[in-house]
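Chemist: got a predicted model here, sequence first, then my questions.
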Amino acid sequence: MKKINLKIDQKGAALLIGMLCMASLVLGQSATGIDQATSEINSYVDPVSNLIIAIGAVVGLIGGVRVYIKWQSGDQDTQKAIMGWFGACLFLILVGVVIKAFFS
């Protein structure tokens with residue numbers, strides 16, 4: 001009876017050692033993949049951030065024209081339109097800056 005338990009313990013120890021060796025190989029490969037993915041994402045950060053800032057500038061220009069048209073027509077919601085468009089532009093510009101700061 002004791003011999004059976006000894007064989008199970010030896011098999012369990014061999015299995016554990018084998019799993020540890022495989023885990024170290026897998027972790028070594030995943031670190032290389034993570035480093036490669038990080039460098040690839042960092043290469044996209046500047047163009048995406050600049051694109052977001054450019055979209056914010058275009059939205060700001062279009063919003064300025066719309067607010068000017070409302071103001072010239074005597075609309076009472078001019079202040080609400082100004083705050084809405086200013087908030088949208090500020091959000092887009094801040095997102096571009098935060099993306100650069102987070103990934104750089």
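Modeler: In hand now; what should we look at? Numbers count the residues shown, from 1 in each chain.
Chemist: contacts, neighbours, all on C-alpha from now
Modeler: Will do.
Chemist: which other residues reach stretch 88-104?
Modeler: In this structure, residues lying in contact with stretch 88-104 by Cα atoms under 8 Å, 6 or more residues apart in numbering are 42, 45-46, 48-50, 52-53, 55-57, 59-60.
Chemist: how about those residues in CSV, adding pLDDT?
Modeler: Shown next, in CSV, are the contacts of stretch 88-104 (pLDDT from 0 to 100):
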residue, pLDDT
Asn42, 82
Val45, 83
Asp46, 84
Val48, 85
Ser49, 83
Asn50, 84
Ile52, 82
Ile53, 81
Ile55, 84
Gly56, 80
Ala57, 82
Val59, 81
Gly60, 82
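Chemist: return the members of those classed as buried.
Modeler: Buried by 16 or more other Cα atoms under 10 Å: 45-46, 49, 52-53, 55-57, 59-60, out of these.
Chemist: out of the contacts of stretch 88-104, which are inside helices?
Modeler: Mapping the contacts of stretch 88-104 onto helices (DSSP state H) picks out 42, 45-46, 48-50, 52-53, 55-57, 59-60.
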